[in-house]
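A.B. asks: Below are the sequence and a predicted model; questions follow.
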Amino acid sequence: MDSPLLVAALSSLLLLLALYLLGGKRRRRSYPPVAGTMLQQLLHWGRLPEYMTELSRRYRTFRMLTLTCNWVYTVDPANVEHILRTNFANYGKGPMTHGVLEDLLGDGIFNVDDAKWRHQRKVASFEFTTRALREYSSGVFRDVAAELAGIVAAAAAAGERLDMENLFMRSTLDSIFTVGFGVNLGALSGSNKKGAAFARAFDDASEQVLYRFLDPLWKAKRLLGVLSEAAMKRSVRTINDFVYAVIDKKIEQMGRNQQEFAKKEDILSRFLLEREKDPGCFDNKYLRDIILNFVIAGRDTTAGTLSWFLYVLCRDQRIQDKIAREVREATTGDHQDVGGVQEFVARLTEDAIGSMHYLHAALTETLRLYPAVPVVRCQVLLLE
C-alpha cells in the first residue's frame, strides 16, 4: 500500500509539471503585436484611414487596445480569406457591433447574422437580378448622371471650382434612394427641403456611429441624451420620420390602385407587393432597415469609387485620353463629337457601356487600389 506522503508528493509533482507545461505553451503562443491604443486612433481621427494604413504596412496583423477589449486588425491575405471565405460562418457582426449600429442600420443585412442575414440575402438576390429593376435603375442612374454633368459643365464654363466628392455623394444618394424608395431626394439640386434635411441627418448619423467604436462613453451619453448622442438622436429621428412617411405614402398609393402600383419598379414597392402575399414576412420597421441598408451601401461605395477614379484620371493624361476615345467610339461609332449632355446620355445604352472595356478595366483597377469597403468588422463567434 502506497504511503499517503508518497502519493501526496507524486500528486504535487505531477501538478507542478502540468502547470509548467501548460504555462510553457501559453508563453510560446504568439499574439499579434500591440500597435497602439484607442487614444492614438482618437488623436488621428481626422486622418484615421491613413493612420491605420501606415500601421498595416508596418505590421500586417496587429492589435489596438481599448478599455474593454483588444481589436485585432489584419491585411494578411491568408487571414482575410479565412475570415471572409473559409470559415465565414464563425465571423459575424456580433452583439457589440449590432448595438453600435442599431440606431441607424437596425436589423438590416449589414447588421445581422444567421437567419435574418440569410433571409435578406435571399430576397435581395432575387429582386436585384430581375430585368425590370435593372432597367429601372439604369434609367435612374442615367437621369442623375445627366443632371450632374450639367452642373459640372456650367461650373467649367464659368471657371468655378467644385467639390466633386460632395457632388458624387449627393448624386449617388439621389440615385440609390430613388431605386430603393421610388422618391428623388433632390440632394443634388437642393430642390427638396425635407430630402436635404434627410441627407444631412444621414451623413451626420453615419459619422457618429463610426465614432461610437472609439468612444467608451457613448452608451452613457445616449442614456443621458447629451453631447454627440443628443445630435445622434436628432439625426435618427429625422431619418425615421422621412423614411416612414415615404413608406406610409407608398402603402396609401397601393391601397388606391393596386394594379397601377404593381407597375412600380422601386425596391420598396416590390417588397410591399410581396408583403401582400405574405403579411407576416416583414413590418414597416423591417422594411425601413432592409432598404436603408442598401441605400447606405450603394451611396458610400459608389461615391467613394468615383472620387478615387477621378483622382486617378487627374494624375494621368494618357488614361484620360484613352477613356475619352473609347467612350466616343462606343457612343457615336466613330470619332465625332458626342454632342450635348442629353444626346450623349441617350446613347449610353447597355450595349454601348458593355463595349467600354478599357473604362471597365480602369474602374476595376481603381477598386483594387482604393477598395470601396476598406474595413470589415467581424466578431469571433467560437474560438478556433
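C.D. replies: It's in.
A.B. asks: Contacts only, for F141.
C.D. replies: S175 (Cβ atoms under 8 Å, 6 or more residues apart in numbering). C-beta coordinates here come from the backbone N, C-alpha and C atoms, glycine included.
A.B. asks: Quick check: next helix or strand after whichever strand or helix holds it?
C.D. replies: In the assignment (DSSP states H and E), F141 maps to helix 131-158. Remark: after helix 131-158, the chain's next helix or strand is helix 164-181, criterion DSSP H and E.
A.B. asks: who's in contact with that following helix?
C.D. replies: 133, 136-137, 140-141, 144-145, 147-148, 151-152, 183-188, 199, 202-203, 243, 246, 250, 266-268, 291-292, 294-295, 298-300, 302-303, 306-307, 310.
A.B. asks: I figured L67 was touching P216, is that so?
C.D. replies: Yes: L67 lies in contact with P216 (Cβ atoms under 8 Å); the separation is 4.8 Å.
A.B. asks: Compare neighbour counts for these two and give me the winner.
C.D. replies: Neighbours were counted for L67 and for P216 using other Cβ atoms under 10 Å; P216 has more, 11 against 8.
A.B. asks: Tell me which residues touch that one, please.
C.D. replies: P216 neighbours (Cβ under 8 Å, 6+ apart): M38, T66, L67, T68.
A.B. asks: buried subset of those residues?
C.D. replies: By neighbour count, with 16 or more other Cβ atoms under 10 Å, the contacts of P216 hold M38 as buried.
A.B. asks: Need the pLDDT of the closest residue to C281 other than its chain neighbours.
C.D. replies: Nearest-residue entry for C281: R275, 5.9 Å, with adjacent residues in sequence omitted and distances by Cβ to Cβ, 6 or more residues apart in numbering. pLDDT for R275: 83.
A.B. asks: just the one 4 residues further on next, same as before
C.D. replies: Residue-level confidence at P279 comes out at 74, pLDDT.
A.B. asks: and it, what are its phi and psi?
C.D. replies: Main-chain torsions, P279, degrees, to the nearest 10: phi -60, psi -20.
A.B. asks: burial count for it?
C.D. replies: 8.
A.B. asks: Repeat that for L268.
C.D. replies: So L268, with other Cβ under 10 Å, has 22 neighbours.
A.B. asks: thought it was touching K250?
C.D. replies: Yes: between L268 and K250 there is a contact under Cβ under 8 Å: 5.7 Å.
A.B. asks: so what sits against both of these two?
C.D. replies: By Cβ under 8 Å, 6+ apart, the residues touching both L268 and K250 are F181, G182.
A.B. asks: Check which helix or strand G36 maps to.
C.D. replies: strand 34-37.
A.B. asks: Strand partners (parallel or antiparallel) of that strand?
C.D. replies: Under the criterion DSSP bridges, strand 34-37 sits next to strand 61-65 (parallel) in its sheet.
A.B. asks: what residues does the strand it pairs with touch?
C.D. replies: Taking Cβ under 8 Å, 6+ apart as the rule, strand 61-65 contacts 31-38, 40-41, 55-56, 70-76, 79.
A.B. asks: Take those residues and keep only those in strands.
C.D. replies: V34, A35, G36, T37, N70, W71, V72, Y73, T74 (DSSP state E).
A.B. asks: Check this protein and tell me which residue is nearest its centre.
C.D. replies: What sits nearest the mean C-alpha location of the chain, by Cα atoms, centre = their mean, is A297, with 3.7 Å.
A.B. asks: From S355, how far off is that residue?
C.D. replies: Going from A297 to S355 by Cβ to Cβ, to the nearest Å gives 28 Å.
A.B. asks: Equivalent analysis for D289, please.
C.D. replies: The separation that D289 has from S355, given Cβ to Cβ, amounts to 39 Å.
A.B. asks: Settle it for me: which of these two has more neighbours?
C.D. replies: D289 (24 against 15).
A.B. asks: how near is that one to E260?
C.D. replies: Separation of D289 from E260 (Cβ to Cβ): 27 Å.
A.B. asks: quick one: buried residues of stretch 68-80?
C.D. replies: Y73, T74, V75.
A.B. asks: Throw those residues into JSON lines and include pLDDT and distance to E160, thanks.
C.D. replies: Listed next are those as JSON lines, based on pLDDT from 0 to 100; distance: Cβ to Cβ, whole Å:
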{"residue": "Y73", "pLDDT": "95", "distance to E160": "41"}
{"residue": "T74", "pLDDT": "96", "distance to E160": "44"}
{"residue": "V75", "pLDDT": "94", "distance to E160": "40"}
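A.B. asks: Where is pLDDT lowest across the ones in strands among the contacts of strand 61-65?
C.D. replies: Per-residue pLDDT puts N70 lowest of the ones in strands among the contacts of strand 61-65, at 84.
A.B. asks: if I pick it, what's in contact with it?
C.D. replies: Contacts of N70 by Cβ under 8 Å, 6+ apart are V34, R63, M64.
A.B. asks: And the closest residue to D204 other than its chain neighbours, which helix or strand is it part of?
C.D. replies: Ranked by Cβ to Cβ, 6+ apart and with sequence neighbours excluded, the top spatial neighbour of D204 is S235, at 4.5 Å. Using DSSP H and E, S235 falls within helix 227-256.
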